[in-house]
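J.: Provided below are the primary sequence and the corresponding predicted coordinates.
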Amino acid sequence: MYTATWNGTELARSDKTIEIEGNQYFPPESVNMSYFIDSDYHTTCPWKGFASYRSIVVDGKTNEDAAWYYAEPKPAASEIKGYMAFWKGVEVVNG
């Protein structure tokens, strides 16, 4: 069971994450969306496609662009469509 935590708050929990390139991607239903706001930041991966980002807001603190997902990934990454991954100090642990 993986959990994603930031600023003392659990953001996501799942035993159905998908690991790609060392990142755990959490299924959409496992993420507590009340802590996220859409960001204007985007990146492109050569094989996964166009990534959209969200910022995390917990107890008045904001972690800008700390979560990303692929709404319409390329075929090679279709299994992570809508799944969310984290960085920028978000702790992802198994256990």
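T.: Okay, I see it.

J.: drop to CA atoms for contacts and neighbour counts, all remaining ones
T.: Fine.

J.: Please, where are all the strands along this structure?
T.: Secondary structure of the chain by DSSP state E: the strands cover 2-6, 9-14, 18-20, 23-25, 36-45, 49-58, 61-69, 84-86, 91-94.

J.: which secondary structure elements does the fifth one contact?
T.: Under the contact criterion of 3 or more CA pairs under 8 Å, 6 or more residues apart in numbering; DSSP states H and E, strand 36-45 touches strand 49-58, strand 61-69.

J.: Would you mind measuring from the residue sitting furthest away from the middle of the chain to S39?
T.: The centre of the chain is farthest from one residue, G60, which by CA atoms, centre = their mean lies 19.9 Å away. Using CA to CA, to the nearest Å, one obtains 17 Å as the distance from G60 to S39.

J.: For V93, name its beta-bridge partners.
T.: Beta-bridge partners recorded for V93 (DSSP bridges): T3.

J.: Can you give me the neighbour number for it?
T.: 12 (other CA atoms under 10 Å).

J.: Look up the pLDDT of it for me, please.
T.: Among the per-residue scores, V93 holds a pLDDT of 98.

J.: pretty sure it is in contact with T3, am I right?
T.: Yes: using CA atoms under 8 Å, V93 makes contact with T3 at a distance of 5.6 Å.

J.: Leaving out sequence neighbours, find the closest residue to N63.
T.: Of all residues not flanking N63 in the chain, I56 sits nearest, at 5.1 Å (CA to CA, 6 or more residues apart in numbering).

J.: burial count for that neighbour?
T.: Neighbour number of I56 under other CA under 10 Å is 25.

J.: show me the residues around it that make contact.
T.: For I56, the contacting residues are Y35, F36, I37, T62, N63, E64, D65, A66, A67, by CA atoms under 8 Å, 6 or more residues apart in numbering.
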